[in-house]
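[1] Here you go, sequence then predicted model.
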Amino acid sequence: MPAALRPLSLGTLLSAGVTLYRSHLKAYFGLSVKAHAWFLGMVVLALFWLGVMGSFIPLIPEPVLRFLAWLGVGGIALLIVLYGLAKLFTLGAVIARHGFAELMSQPQSVKTLQTSLKTRLWGFLAIQSLVLIIMLVVSLLLNIGFALVNMFLSQLVLVFVGGPDSSWLLVLLQLLVNLVIYALYFSVWARFFIPELSYATEPETTILQTIDRSWSLTQRATLRVLIVISVLTLMTLPFYVLALTPSFMIWVTFLSRMIASFNEPGVAERLVLAAGGAVLLGGVMVGLSGVITMPFWQSLKAVVYYDLRIRREGMGLQLRDRPS
């Protein structure tokens, strides 16, 4: 198998993602800045729209019309935010698609990829929404399962053990069940790690087919993908911890002062302002962290997708260009 078309070891896979990011740092970082700027800009625009229109809606005398006006204004604001999210996901897919093309030794320009993928903008949003819905359903089912198993274990321990030792045994069993639940949840998540890459690189795939494609490609590779996700999370988590630390410190400082002077006038107003400032600062800092970490995640996704397709399809793999 040619050097450009070979499966990667786990260590090589991780280092390839880092190398890919470093080799195209300027282009990928620029795309990430553009993606987050689009999302932030749409959020600001939606808030501005709500503020402006919200100042006129109370002037409507009829309650029913006022309610309908709020629904309309809120719906438009939601569409604005969703458009920002769609741009964010699409530009992230551009990074991953470009990385995959580089790994295949079939390089394509970032500008060309942006042009070819912008026609599928709402599709990338739909894919991420479907994955979110699936994971919410999985989470719900696992929580129901945990509750049922917990009830069964409680009765079982009381019947067969009883006494003071039963509580410790029950806690231990619940901890083990929790670990199993988390393992199942993240195993399912790993199966839906790369659907947007199928959508970006395989022109004939539909939105629903990309979900099935991700599930199929990650078959018998769940643990491998989970390890990549775990390592990547540990590598990027410090950025978010550092991002949230200032807002957390502001919140704790103001909260302690408010408690100490609880009976003074204006405490509630200052507390609301402090909370709003902390949330705003935290959002900005998390956004900046996302600008740095998104290219890394997308580069690793490209490498994972490359590796999985090589393992499943071997030398028959070819990158199919999407028409501009």
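    That came in fine, so what should we check first?

[2] for the longest helix belonging to the chain, packing partners?
    In terms of residue count, the longest helix belonging to the chain (DSSP state H) is helix 267-313. Packing contacts for helix 267-313, counted by 3 or more CB pairs under 8 Å, 6 or more residues apart in numbering; DSSP states H and E, involve helix 10-23, helix 25-54, helix 63-103, helix 195-201, helix 207-217, helix 222-260. (Glycine included, C-beta is placed from N, CA and C.)

[3] What ranges in the protein fall below the confidence cut-off?
    1-8, 161-166, 255, 257-275, 314-324 (pLDDT under 70).

[4] middle-most residue in it, spatially?
    Residue closest to the average C-alpha location in the chain (CA atoms, centre = their mean): residue 128, at 8.2 Å.

[5] if I look at residue 149, how far off is residue 176?
    According to CB to CB, to the nearest Å, residue 149 and residue 176 sit 10 Å apart.

[6] typo on my end, it should be residue 211
    Distance from residue 211 to residue 176, by CB to CB: 31 Å.

[7] Ok, residue 114 next?
    48 Å.

[8] Looking at those two, which one has more neighbours?
    More neighbours surround residue 114 than the other of residue 114 and residue 176, with 17 against 11 (other CB atoms under 10 Å).

[9] any idea how far the more buried one lies from residue 92?
    Distance, residue 114 to residue 92, using CB to CB: 12 Å.

[10] And for residue 289?
    Residue 289 sits at a distance of 15 Å from residue 92 (criterion: CB to CB).

[11] higher neighbour count, those two?
    A side-by-side neighbour count of residue 289 and residue 92, using other CB under 10 Å, places residue 92 first with 25 against 20.

[12] what about stretch 225-242, distance to the chain center?
    Relative to the centre of its chain, stretch 225-242 is centred 12 Å away, using CA atoms, centre = their mean, to the nearest Å.

[13] Repeat that for stretch 83-97.
    Computed by CA atoms, centre = their mean, the chain-centroid distance of stretch 83-97 equals 12 Å.

[14] what angle separates the longest helix of the chain from helix 10-23?
    120 degrees (axes from the mean of the first three to the mean of the last three CA atoms, to 10 degrees).

[15] excluding its backbone neighbours, what's nearest residue 235?
    If the residues on either side of it in the chain are set aside, residue 235 comes closest to residue 296, at 7.4 Å by CB to CB, 6 or more residues apart in numbering.

[16] Now for that neighbour, how many residues are close by?
    By other CB under 10 Å, neighbour count at residue 296 equals 21.
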